[in-house]
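Asker: Have a look at this fold, sequence not included:
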């Protein structure tokens, strides 16, 4: 176990980067020594979030100015395509924890298909680990690059992966309806969603083509050992943060909603950041906002072979910065909850 870690954050001024700073400031084993961005060089990070008031934080600097001999961990909260460039340049002893999609997919051809750019760090694609902590904690220490999953896939996979692995559901009929606060689209949300009433309406987007489908399909296919393609439609809500995913499933054999509830409760009993509501209980994002928890509820449908799972996370924490720190904690043998309570 390391006594303490020197941290650099690239993309410090975005929504995820700012959340990461807040978490690491509470972490007794982490010291932030570099905050990097492309703009606002030399300015205080508090300009971007008044809640960050610690005076001894470094000023915003260019990543090219980092003295890598002083850094243990680099968090990258950058647009897709940027972390792969950095991975090629940094020393091998630095742990890279990436919050973009650059190392989530195992195949560079699939990456180009979904993200529209060539992957420039193919040599590390199969050496990185796709890490939802609850499923990968035993392997995190063995990988130099940790790829943190997308926010929607995190909310979906925590209840789904055990069911697919146990062959309790029909994998050809997985339907996912997800809703997210607009922070999930980043600071340029108004440019990405040009319609006038963004903050007064609920809108579907990425219908049948959202990029997160690639990693959901990949990870479910791994545990199933057969190709899975889910139905997935995301929506953006006129609220800042939070994700609620409603998952419609068809059971196999004698399985039903009650059996699935009991199985998942047993499966996740030792996963601190997974909460399971009482059977048939409606839940909402308000129960997990500003936390690293994933809370889900298993509900029965009027058809006995159908199950509805509702899963809630904070997209900026469990769906991004919190899970990144949770992965760091496990990789370095710290208490998994350190900095996250």
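Answerer: Thanks, I have it. The structure displayed is predicted, hence computed values, not measured ones.

Asker: Which stretches in the chain count as helices?
Answerer: All helices of the chain, identified by DSSP state H, fall at 15-25, 83-87, 108-115, 133-136, 151-165, 189-192, 212-224, 257-267, 322-331.

Asker: I'd like those helices written out as a markdown table, with mean pLDDT, mean neighbour count and distance to residue 309 added.
Answerer: C-beta coordinates here come from the backbone N, C-alpha and C atoms, glycine included. Putting these into a markdown table (pLDDT from 0 to 100; neighbours: other CB atoms under 10 Å; distance: least, CB to CB, whole Å) gives the following:
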| stretch | mean pLDDT | mean neighbour count | distance to residue 309 |
| --- | --- | --- | --- |
| helix 15-25 | 97 | 22 | 26 |
| helix 83-87 | 95 | 22 | 31 |
| helix 108-115 | 95 | 16 | 25 |
| helix 133-136 | 98 | 22 | 15 |
| helix 151-165 | 98 | 25 | 5 |
| helix 189-192 | 60 | 12 | 28 |
| helix 212-224 | 97 | 20 | 14 |
| helix 257-267 | 98 | 17 | 8 |
| helix 322-331 | 98 | 25 | 19 |
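
Asker: TSV please, covering the ones you listed and showing distance to residue 283.
Answerer: Shown next, in TSV, are the helices of the chain (distance: least, CB to CB, whole Å):
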stretch	distance to residue 283
helix 15-25	22
helix 83-87	33
helix 108-115	30
helix 133-136	18
helix 151-165	12
helix 189-192	25
helix 212-224	21
helix 257-267	13
helix 322-331	18
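
Asker: With respect to residue 311, which of those helices lies nearest?
Answerer: Among the helices of the chain, helix 151-165 comes nearest to residue 311, with 4.6 Å by CB to CB.

Asker: Which elements pack onto that closest one?
Answerer: helix 133-136, strand 175-181, helix 212-224, strand 231-237, strand 243-250, helix 257-267, strand 294-300, strand 306-313 (3 or more CB pairs under 8 Å, 6 or more residues apart in numbering; DSSP states H and E).

Asker: go again using 7 Å as the cut-off
Answerer: Packing partners of helix 151-165 (3 or more CB pairs under 7 Å, 6 or more residues apart in numbering; DSSP states H and E): strand 175-181, helix 212-224, strand 243-250, helix 257-267, strand 294-300, strand 306-313.

Asker: before we move on, back to that, right, and the helices of the chain - which one's nearest residue 293?
Answerer: Here helix 322-331 is closest among the helices of the chain (CB to CB), at 8.9 Å.

Asker: got a list of contacts for that closest one?
Answerer: Helix 322-331 is contacted from outside by 20, 23-24, 27, 73, 75, 95, 97, 99, 131, 133, 137, 140-141, 146, 148, 154, 273, 292, 335-336, 338-340, using CB atoms under 7 Å, 6 or more residues apart in numbering.

Asker: Tabulate the helices and strands packed on helix 151-165 (JSON lines), appending distance to residue 34.
Answerer: Formatted as JSON lines, those follow (distance: least, CB to CB, whole Å):
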{"stretch": "strand 175-181", "distance to residue 34": "29"}
{"stretch": "helix 212-224", "distance to residue 34": "28"}
{"stretch": "strand 243-250", "distance to residue 34": "30"}
{"stretch": "helix 257-267", "distance to residue 34": "39"}
{"stretch": "strand 294-300", "distance to residue 34": "30"}
{"stretch": "strand 306-313", "distance to residue 34": "28"}
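
Asker: Out of those, the one nearest residue 234 is which?
Answerer: strand 175-181 (4.7 Å).

Asker: Report the mean per-residue pLDDT for the closest one.
Answerer: Throughout strand 175-181, pLDDT has a mean value of 97.

Asker: now that strand, how far from the chain's geometric center?
Answerer: 14 Å (CA atoms, centre = their mean, to the nearest Å).
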